[in-house]
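need coordinates for the following:
(chains A and B)
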Amino acid sequence: EVQLVESGGGLVQPGGSLRLSCSASGFTFSTYAMHWVRQAPGKGLEYVSGISSNGGSTYYADSVKGRFTISRDNSKNTLYLQMSSLRAEDTAVYYCVKHSSGRYVAPYYFDYWGQGTLVTVSS
Amino acid sequence: QTVVTQEPSLTVSPGGTVTLTCASNTGAVTSGYYPNWFQQKPGQAPRSLIYSASNKHSWTPARFSGSLLGGKAALTLSGVQPEDEAEYYCLLYYGGAWVFGGGTKLTVL
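Numbering: from 1, shown residues only, chains lettered A, B, ... in the order given. Presented below is the predicted three-dimensional model:
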């Protein structure tokens, strides 16, 4: 059974940093691309970032480019999102999502989602 | 600025049929946008339903179907059940970038 468990969320001040983790199990983690998707309170889904299976290729939404860094440790079956220069508008539940292939592009697709971790940016 | 538009809300009666749509401000949605659809119930994580416009995941109930309709991606629910009340999101691919629609709140009443 595929399981994705996010952690690392919490309260952080504006301008601060936080690192999210996503622990994966139930599949060969090193074979699949992964994504981060976020959802602000009461709002819709927003694509944040994607990374290829070997970590060699990454993508960022304009809203986080230059502030967030996605990475992975295939030896630990773990995906990360390092967030810095955080703003109030980064407040959201952050979901880890598995892709169906090693590249985060189409025609491959999103399949499994974690339960999310809440990040609150406030003074 | 790429914008993906969905109906903000729709209401359907139990047992009825409803179609949700997903449009792009760049023009007609074609198979090359590889539309995905997701369902999210209150307090839960999203769940993947449809990919590449019309393909179902192994867990997707048969009453859900995806298509391309009139220049938009479409999700049709036939024989709607009370448990289908949820928010539905589409996701389109723009040659390297993935963009979500704003979501449709489906009420079963």
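
chain A contacts on chain B?
B:34, B:36, B:38, B:40, B:45-48, B:51-52, B:57, B:87, B:89, B:91, B:93, B:96-103 (CB under 8 Å from any CB of the partner chain). Heads up, the C-betas are built off the backbone N, CA and C, glycines and all.

the residues you listed in strands, which ones?
Counting by DSSP state E, the part of the residues of chain B next to chain A found in strands is B:36, B:38, B:40, B:47-48, B:51, B:87, B:89, B:91, B:93, B:97-100.

any of the residues you listed buried? List them.
Among those, those classed as buried by 16 or more other CB atoms under 10 Å in any protein chain shown are B:36, B:38, B:40, B:47-48, B:51, B:87, B:89, B:91, B:93, B:98-100.

ok, which pair from those residues is furthest apart?
Largest separation among these by CB to CB: B:E87 and B:Y93, giving 20.8 Å.

contacts only, for the closest residue to A:L86 other than its chain neighbours.
Take A:L86 and drop its neighbours on the chain: the residue closest to it by CB to CB, 6 or more residues apart in numbering or on different chains is A:V121, 4.6 Å away. A:V121 makes contact with A:V12, A:Q13, A:P14, A:G16, A:L86, A:R87, A:A88, A:E89, A:D90, A:T91, according to CB atoms under 8 Å, 6 or more residues apart in numbering or on different chains.

and which of these is nearest A:T31?
A:D90 (30.1 Å).

neighbours of that closest one, how many?
As a burial measure, A:D90 scores 22 neighbours (other CB atoms under 10 Å in any protein chain shown).

now the one 3 residues further on
Counted by other CB under 10 Å, the residues lying close to A:V93 total 18.
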